[in-house]
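> Below are the sequence and a predicted model; questions follow.
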Amino acid sequence: MNQTYINELKDHIGREVTLKGWLYNSRSSGKLVFLQLRDGTGIVQCVVFKGNNEELFENAKSLGQESSIIVTGTVKTDDRSSIGVELDVTGLEVLQNASEYPITPKEHGTEFLMDNRHLWIRSKKQNAVLKVRHTVVKATRDFFDDNGFILADTPIFTPAACEGTTTLFEVDYFDDDKAYLTQSGQLYNEATAASFGRSYCFGPVFRAEKSKTRRHLTEFWMVEPEMAYAQLPDVMDLGEKLIKFITERVLNDRKEDLAVLERDVSILQAITAAKFPRIHYDEAVKLLQKGFAKGEMDNNFEWGGDFGAPDETYISKQFDAPVFVHHFPAIIKAFYFERDAERPELALGADLLAPEGYGEIIGGGERATSIEFLEKQLIEHNLPKESFEWYLDLRRYGSVPHAGFGMGVERATAWMCGIEHVRETIPFPRMLNRLKP
RNA sequence: UGACGGGUAACUCAGUUGGUCAGAGUGCCGGCCUGUUAAGCCGGACGCCGCGGGUUCAAAUCCCGCCCCGUCAGCCA
């Protein structure tokens, strides 16, 4: 079928083309109808003049929002158009004249829009956000594929928890055991890294936390690279390169979408040239305590605790670029982290905090290599050793220093877009209290 | 799970010392306008005021219970 896309119209000036799409909005005056047509690649104004064809004019005038239409017309440049061109309509085929489309060009509330998420994703802003998501995902895959990583996806049904049992969704199906939806592919990544050297998994993960904040989803997507013969600094190097690569790609490929979102791109541009600061947990604690002394923080942070959302925001605001915090107290981290040789109470973990208060977008570190240490850890964390025998095998047969991290796609996308809530960065968000549509 | 805010037309909201109090705008329908950009102007239809109970001559408004949503926090990533 002959079809031209709206983002190609500039190459067809003066020619007659056929556009296929949906009516985004329309306006009419006595002798003119303006049809805003969208086709997924953009929106263009199509002009119907009564004097040219009265039947066509009446047809165009009667169309409801989101009617599916095929429009034929001549491409003309016009300074009044936001994309520089518009269409002089010569033909109109109506596949369906829709009426009473629920989402109007005016404001709506969150609940209503979420209930209509299947339609909401057609609107300009949501469309732009999801295109940025696409580019974040594509850039991420390209980055790893082009840097010697092998994609090796990990299971979604798992027999045991990665880091504890309280946050898991239980699935009642398998005969032998209870199964759970995965919260991370990390443990399996350690196995694939020992096969491929460098590997990554990319898929959905599930957390049964009762969190309802703008940074949390019940089901979200995470990319997790793992490298054999790698240590903590390698994790930070890789994370920094990845974030810069994604940022450059988004700036380059999604200019129009960032403009739709009114994103201040200067902040993103600055990131690509910056060196990401790396601060020790001790140093981060000092920053927070100084902040309290200055009256900029409500609570005086005590060494040993995990950062809350306000703490992360405060730390990240002290820097222009994303900042790594490393060497956390082991007690607040998962059982599999390698310990600092000189201060064994510290885990070799690193979190990357995004600027502008978007929170942790990368979390990872160096994994423990000693089987004796891990056996002790399993006991201390009350985890069933039998379930982890395969994991311990990785230390029995060719244990090497290895390290990796996870990046949350939605948080990264929210930050790129400069939007408030991660729920808009995934086509159909699953949250506490949100299962439909 | 807690604190705070909220639930009135399809949508976004106004309206609570209890009494012409069922309101506006948007959308929809009809009319006018060759250049609109969330178009404008004129007219029209649209309601069990979240649910249940109570107080009262009288409740959207006061009281009790419940449900739902949002923001933040906690938990987490």
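Sure, I can see it. Keep in mind that what you see is a predicted model, and the values were worked out from it rather than measured.
> Residue numbers of the stretch 201-350 of chain A in contact with RNA strand B?
Counting by C-beta under 7 Å from any atom of the strand, the stretch 201-350 of chain A comes close to RNA strand B at A:207, A:209-218, A:220, A:306, A:308-310, A:334. (Each C-beta comes from the backbone N, C-alpha and C, glycine too.)
> Select from these every entry located in strands.
Mapping these onto strands (DSSP state E) picks out A:Phe220.
> For the stretch 201-350 of chain A, which segments count as helices?
Using DSSP state H, counting those that start in this stretch, the helices of the stretch 201-350 of chain A run over A:232-253, A:255-260, A:265-273, A:281-293, A:309-317.
> Residue of the stretch 301-437 of chain A nearest RNA strand B, please.
For the stretch 301-437 of chain A and RNA strand B, the shortest gap (C-beta to the nearest atom of the strand) falls at A:Gly308, measuring 2.5 Å.
> what residues are up against A:Val409?
By C-beta atoms under 8 Å, 6 or more residues apart in numbering, the residues touching A:Val409 are A:Arg133, A:Val136, A:Val137, A:Thr140, A:Phe220, A:Trp221, A:Met222, A:Val223, A:Thr425, A:Ile426.
> try 6 Å
A:Trp221 (C-beta atoms under 6 Å, 6 or more residues apart in numbering).
> Need the phi and psi values for it.
For A:Val409, the backbone dihedrals (degrees, to the nearest 10) come out as phi -60, psi -40.
> Could you check how far A:Val235 is from A:Leu392?
To A:Leu392, A:Val235 is 22 Å away according to C-beta to C-beta, to the nearest Å.
> which one of the two has more residues nearby?
A direct count of neighbours by other C-beta atoms under 10 Å for A:Val235 and A:Leu392 places A:Val235 higher, at 27 against 15.
> wait, isn't that one in contact with A:Phe405?
Yes. Counting by C-beta atoms under 6 Å, A:Val235 does reach A:Phe405; the two are 5.4 Å apart.
> what sits in contact with each of these two?
Contacts common to A:Val235 and A:Phe405, judged by C-beta under 6 Å, 6+ apart, are A:Gly364.
> in its sheet, what does the helix or strand of chain A with the lowest mean pLDDT sit against?
The weakest-scoring helix or strand in chain A, judged by mean pLDDT, DSSP states H and E, is strand A:170-171 (a mean of 86). Paired strands of strand A:170-171, with direction, are strand A:179-181 (antiparallel) (DSSP bridges).
> pLDDT averaged over the strand it pairs with - what is it?
Strand A:179-181 shows a mean pLDDT of 89.
> Return the distance of it from the chain's centre.
Relative to its chain's centre, strand A:179-181 lies at 23 Å (C-alpha atoms, centre = their mean, to the nearest Å).
> how about A:Ile362, phi and psi?
Dihedral pair for A:Ile362: phi -130, psi 140, per degrees, to the nearest 10.
> Check the gap between it and A:Phe196 for me.
For A:Ile362, the distance to A:Phe196 - C-beta to C-beta - is 21 Å.
> cool, A:Glu372 as well?
Counting by C-beta to C-beta - A:Glu372 and A:Phe196 are separated by 27 Å.
> circling back: more neighbours: which of A:Ile362 and A:Phe196?
Just comparing A:Ile362 and A:Phe196: by other C-beta under 10 Å the higher neighbour count belongs to A:Ile362, 25 against 16.
> about what we covered before: can you convert the helices of the stretch 201-350 of chain A into a markdown table and add a column each for mean pLDDT?
Below are those laid out as a markdown table (pLDDT from 0 to 100):
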| stretch | mean pLDDT |
| --- | --- |
| helix A:232-253 | 97 |
| helix A:255-260 | 93 |
| helix A:265-273 | 93 |
| helix A:281-293 | 93 |
| helix A:309-317 | 92 |
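> And the ones you listed: which comes nearest A:Ile83?
A:Ile83 sits nearest to helix A:255-260 of all the helices of the stretch 201-350 of chain A, at 8.8 Å, using C-beta to C-beta.
> export that closest one as CSV, just CAs?
The C-alpha trace of helix A:255-260 is given here as CSV (Å, rounded to 0.1, in the frame of the first residue of the first chain):
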residue,chain,number,x,y,z
LYS,A,255,15.6,16.0,19.8
GLU,A,256,12.0,16.5,18.9
ASP,A,257,10.7,14.4,21.7
LEU,A,258,12.8,16.1,24.3
ALA,A,259,11.4,19.4,22.9
VAL,A,260,7.8,18.1,23.2
